[in-house]
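# Return atomic coordinates for the entry below.
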Amino acid sequence: MYIPRKDISLRRLSTVSLVTNLWSSGYLKDDLQIVFDKKKTLYKDRVSLTKKAKDIIQLYNLPSLIIGEVIEFVEWISSDFILYLDSLINNEFFLHNGDIGCIVKNIKWDMHGGIDEVETFKNMKYTNNHYNYIISTFFCLEDDIPAMWARCSPIYKPFSLKSMYSEEFCSYATFIIYYWTCKVKNRTFRIHILEDPMGLFNDIRDCSTELKMLVVSLHIYNIHAFKYFWRQLDEKERVIAIEVLCLIYDLDDLYVLNDIYDMLKNSVGIILFVLAQINEQQQLMVIEKCLPQMIVHFWQCWQMHHVILPLFETYISFLDASSYKKLFRRLLMQNGDYCPKEKLLYRMWMLSPPHLQCLIDDTEKRLMFFGNVENEKENRLFYD
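I've put the predicted structure just below:
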C-alpha cells in the first residue's frame with residue numbers, strides 16, 4: 001500500500017538548501033532593494049528576479065546531472081518567496097523600515113523549500129498588537145494567545161462577543177478568532193444558525209464545538225487550525241471528520257480553487273496530515289473517494305510532484321472512465337507552460353491501462369506530448 005508523504009531525499013534536501021540560501025544569504029539583496037525602492041512591489045518583477053537567481057546558480061558550476069533539477073527549484077522556490085515577501089512589504093503592520101535585508105534574514109524556511117509561516121511570524125516585528133492577536137488565533141498558537149490578548153488595547157480588542165453576531169462579521173474565517181476570544185474571556189462559544197449560510201454544520205449540529213471548528217478550518221483551508229482541532233477530537237468524532245473531509249473534497253468544488261496557491265498547499269497538507277493519523281482501512285477509503293482531487297492538488301503544488309506517479313500507479317483502479325477523462329482534461333488545462341509537468345502527464349498516461357489510454361484523443365495527446373510550440377522541439381528529444 002502506498003501512502004503519499006512529504007519524504008525528502010538527501011539530494012533534494014541539498015538542492016532546496018542551496019536555493020533557499022541563495023535568497024536568505026543576501027546574494028540578491030541589492031536587486032530586491034532596488035525593486036522595492038522603485039515600485040514598492042516585488043511580485044511584478046518576479047521574472048527578472050528569478051532570472052537573476054538562475055544566473056547566479058549557473059556560476060556555481062554544478063554537475064550537468066543535477067543543474068536542470070536545481071534550476072527547476074529556483075523557479076518554484078523563488079516564485080513562492082517573492083510572493084510571500086511582497087505580502088509582507090505591503091502589510092501596514094510590519095515594521096521593516098524600508099530595509100529588504102531586515103525582512104529576508106528573518107524569514108524561516110522548511111526542509112521542502114517553503115516558508116515556515118509560524119516560525120517566520122514569531123520572528124518578525126509587527127507594530128500592531130491587535131494584528132499579532134489575530135494572526136496568533138489564525139495559527140492557533142495556544143500558548144501565545146493569552147499574552148497576545150493581554151497586550152491588545154481595550155479600544156482595539158477584536159470582535160467583541162456582541163459584534164460577532166452582526167452581519168458585518170458573518171464570515172467563517174472569523175469563527176476561529178471568535179473561538180479563541182471566547183476562550184481567553186472564559187465565555188461559552190456558540191454558533192448561531194444564521195452564521196452558517198453554507199450549511200456546513202447541518203449534519204453535525206449535535207457534535208462538539210471542536211468538530212465544528214475543524215470543519216470551518218477545512219472549509220477555509222487553514223491547516224494550522226485543522227491540526228489543532230483534530231487533536232481535540234475523540235475517535236468517534238474523528239471518524240465523522242474523515243467523512244466530512246471526503247464530502248468537501250468534491251471534484252467540482254475543488255476546481256474552484258484554480259491556482260490559489262496558499263489554499264492548494266494547505267489542502268495538500270491537510271490530506272497528508274489526515275492520512276498519517278488514520279488506520280489503513282480509513283486511508284483506503286479517503287484515497288478511493290478523493291484520488292482525482294488529490295492528484296489535481298498535488299499537480300499544482302510543486303513540492304508534491306514526486307508522489308504523483310506512485311500514487312497514480314497504485315490506485316488507478318479506483319478511476320472509472322468518466323473520472324479518468326475528467327482528471328486528464330483538468331490536468332491538460334494546467335499544462336503547456338512548464339515542461340516538467342508535460343513529462344509528468346505523459347508518464348501518467350503511459351502507466352494507464354489501454355482501455356483508459358484510448359479515452360485521450362489525438363488533440364489531447366499532442367497537448368500532452370508537446371505542451372506548446374515553444375516546447376515541442378525540446379520535448380521531442382525527451383519522448384523520442
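
# Show me the helices in the stretch 251-384 of the chain, by range?
Assigned by DSSP state H, counting those that start in this stretch, the helices in the stretch 251-384 of the chain fall at 251-255, 261-277, 280-300, 305-315, 321-333, 339-351, 354-357, 362-370, 373-383.

# so can I have a markdown table of these showing mean neighbour count?
(Each C-beta comes from the backbone N, C-alpha and C, glycine too.) Compiled in a markdown table, these are given as follows (neighbours: other Cβ atoms under 10 Å):
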| stretch | mean neighbour count |
| --- | --- |
| helix 251-255 | 13 |
| helix 261-277 | 19 |
| helix 280-300 | 19 |
| helix 305-315 | 17 |
| helix 321-333 | 16 |
| helix 339-351 | 17 |
| helix 354-357 | 12 |
| helix 362-370 | 15 |
| helix 373-383 | 12 |
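
# Which of those sits closest to Trp180?
Nearest to Trp180 among these is helix 261-277; the distance by Cβ to Cβ comes to 19.0 Å.

# Now do the closest one and helix 305-315, the angle between them.
Helix 261-277 and helix 305-315 are oriented at 50 degrees to each other (axes from the mean of the first three to the mean of the last three Cα atoms, to 10 degrees).

# list the helices and strands helix 261-277 packs on?
Packed against helix 261-277 by the contact rule (3 or more Cβ pairs under 8 Å, 6 or more residues apart in numbering; DSSP states H and E) you find helix 223-231, helix 235-248, helix 280-300.

# which stretch in the ones you listed has the least confidence?
Across the helices and strands packed on helix 261-277, the stretch with the lowest average pLDDT is helix 280-300; it has a mean of 86.

# Helix 261-277 and that helix, what's the angle between them?
Relative orientation of helix 280-300 with respect to helix 261-277: 160 degrees, computed using the same axes, to 10 degrees.

# between the helices of the stretch 251-384 of the chain, which gets nearest to Asn132?
Closest to Asn132 of those is helix 261-277 (Cβ to Cβ; 20.0 Å).

# what does that closest one rub up against?
Where contact means Cβ atoms under 8 Å, 6 or more residues apart in numbering, the residues beyond helix 261-277 that reach it are 3-6, 80, 83, 114, 218, 221-223, 226-227, 230, 238, 242, 245, 249, 257, 283, 286-287, 290, 294, 297-298, 300-301, 303-304.

# Poorly predicted segments of the chain, please.
For the chain, the stretches flagged by pLDDT under 70 are 1, 5-8, 38-44, 90-99, 125, 155-170, 191-197, 250-262, 334-342, 369-384.

# Appreciated, that's everything.
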